[in-house]
Structure formats: C-alpha cells, structure tokens
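Asks: Pasting a predicted model and its sequence here:
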Amino acid sequence: RFAYVNGLYLRHPEAVVHVEDRGYQFADGVYEVCEIRGGRLIDEALHMARLERSLKELRIAQPMSLGALGVVLREVVRRNRVHDGLVYLQITRGVAPRNHAFPAEGTPPSIVVTAKSSPRSAGDLRAEKGVSVITVPENRWDRVDIKTTSLLPNVLAKQAAKEAGAYEAWFVDADGKVTEGSSTNAWIVTMDGGIVTRPAESGILRGITRTVLFEVAKAAGLRIEERAFSLDEAKAAREAFISAATAIVTPVVEIDGHPVGNGAPGTVATELRRRFHEFAAEAPAR
Ligand code: PLP
C-alpha cells in the first residue's frame, strides 16, 4: 500500500509524520472521507467544498488548490488499485515547536492521503441485515459542523457501541433530541411516512451523503422534513437509518435494544440506498 505524505508517495511503513505535527499533538487538523466506486470518487466536489470550509473555519491555510488535491486523491487511489473503497485526506496546521497558539505564519500545513479497498458486498450485507445503535449523552463541542480530526467523544461513543455489540452510537442532547451518530447522520421515517433528519444548522456535521439524499429523495418524489427528532420518537418510528460516505444508507433495526418498526430494514431506507448510486452515476460531476 501507498500513502501520500507532504508531496511524496510512500510505502506504508515509511509513511510517517513528524512528532511535532500539530495533528499529532493537538488534533489540530481537518479531514475528508470519500467513497470510491468503480474507481471513481463519489461526490468529490462536495467533499472538496466542505474541506475548504473546514480549513477556513479553523484558519488553516489551504496548502494547494482543490484541483491539485483531486489529482493527489486519484493518484493514491490508482497506486493502491482501489476499485471500491474509501480515500482519506487529512490536512493539519503543520509541524512546529509545541505551543497552543498557531505556529509562525508560513508554516506549511501537512497533507496525508491514504486509500483502502472495501468490497461492496460487506456494506450491502450490513444494509440487508440492518444495524443496531446505542445512545450516549451528547458531550461534544458546539463546532461539530467542522470536520476536524479532533474526535475523542466520537471515538469513545463508537467504542461503547462496539462493546455493546452495536454498529453505531447516536448522541442525544440535553433536550432528549438525537443529534447524529459518531460518524454518521441519523434519520427516521415516521408512521405517516415522513423522512426526518435534523437541520444542519446546529448540532451535526452537514454530511455529504445527507446533502445528496435530499436530491435523491426529491427525484424519487419523497419528502424530507428537516427537524430535530427525539430519542422517544426514533424508538417509535417506522424506520430508522444512518448515512455517511462509509455507510451510504444503512437501515437501523434496533435502538438501545428496542426493535425499530418490525425489526427489519425499512422500505424507504432500502429504496434510498438503491437510488443513491444510480443518482451518483447520473451526475458524475458533482
Ligand atoms: N456525522 C459525523 C460526525 C461524521 O463523522 C460523518 C462522516 O464521517 C457524517 C456525519 C457523515 O458525513 P458524510 O456523509 O459526508 O460522510
């Protein structure tokens, strides 16, 4: 396997960053994860736009043009011969003597890109069976709209899910409302067929998959209600599902041990999952 590290394509054992990288010391960086399908990057432009926004919000310099970054992403995908899988891009504030305040102006950001294969069948099988989620109290900062590598609450939540035999953990805020999963957006389908997901204005990362699902739903004549929903409402919903580049649409069949609906993957989630890649294939420039 190969990784891109600050201008070089290196074999994995040699793909290292400096001990004084701010990503290592402060989690002072941002990232993106993009799906690769049939050798193509899915929704590249949307991921790049979000990356640019994350960098701006944290005042990390953009190290190269988005076009140039796209070339690097594709080269890492090519060198790793990834047909179906994921590409990971991380940009940190660079290497500097440890000090909480920003390093000297002109310190170059560090860029790392890796890619890995993951067979479609694994995700498809997970979606056919559906997944379980547990819930944990929301304990993250109020800038979860930034896709930063600073992910300790998410790490602890996902580990709690794993130890409970679940696939994902949903954060629940002080009002009893579900915000999102540790690495996915959260959705429900109400008994009257409304597809509900929390507005991206507060409490969640604006997932690219989430954004595209609005278009997919529209094309399918389905209506999405953008509003916060409570954990109680989710437990009583007809369906639930999660969305992310790593999961596309994956039905949730159990929340904190309660079956969702009849305990099987829902028809709306299954239909949205099927339509997602059809839609991506029809609009390759997005
Ligand atoms: N929410 C969080 C906290 C995430 O980390 C992610 C993705 O990793 C998502 C939502 C889904 O975003 P996307 O659809 O862009 O993968």
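Replies: That came through, no problem.
Asks: measure D84 to R59 for me?
Replies: Remark: distance between D84 and R59 (C-beta to C-beta, to the nearest Å) = 36 Å. Heads up, the C-betas are built off the backbone N, CA and C, glycines and all.
Asks: show me what contacts the closest residue to P109 other than its chain neighbours?
Replies: Closest residue to P109 apart from its sequence neighbours, by C-beta to C-beta, 6 or more residues apart in numbering: P63 at 4.4 Å. Neighbour list for P63: I91, P108, P109, I111 [criterion: C-beta atoms under 8 Å, 6 or more residues apart in numbering].
Asks: which two from those end up farthest apart in space?
Replies: Distance extremes for the contacts of P63: the farthest pair is I91 and P108 at 10.4 Å, using C-beta to C-beta.
Asks: Looking at those two now, which is surrounded by more residues?
Replies: I91 (26 against 13; other C-beta atoms under 10 Å).
Asks: buried residues in stretch 263-271?
Replies: Residues of stretch 263-271 classed as buried: P265, G266, V268, A269, T270 (neighbour count, 16 or more other C-beta atoms under 10 Å).
Asks: Quick one: classify G106 as helix, strand or coil.
Replies: Under DSSP: H, G, I helix; E, B strand; the rest coil, the three-state class of G106 is coil.
Asks: in the sheet, who's paired with the residue nearest to the spatial centre of the chain?
Replies: Centroid-nearest residue in the chain: A244, 4.7 Å away (criterion: C-alpha atoms, centre = their mean). Using DSSP bridges, the bridge partners assigned to A244 are I248.
Asks: Need the per-residue pLDDT for it.
Replies: pLDDT, A244: 98.
Asks: Equivalent analysis for A283, please.
Replies: 68.
Asks: again with D192
Replies: With respect to pLDDT, D192 scores 94.
Asks: Repeat that for the one 5 residues further on.
Replies: According to the predicted model, the pLDDT of T197 comes to 98.
Asks: what number of residues lie near V17?
Replies: By other C-beta under 10 Å, the residues close to V17 number 18.
Asks: How about it: what's its closest non-neighbour residue?
Replies: S110 (5.8 Å).
Asks: next one: P103
Replies: A96 (3.2 Å).
Asks: Please name the residues that touch that neighbour.
Replies: E20, R22, P103, A104, T107.
Asks: Residues of the stretch 101-250 of the chain that sit close to the ligand?
Replies: For the stretch 101-250 of the chain, the residues in contact with the ligand (C-beta under 6 Å from any ligand atom) are E180, S183, T184, N185, L205, G207, I208, T209, R210, S243, A244, A245.
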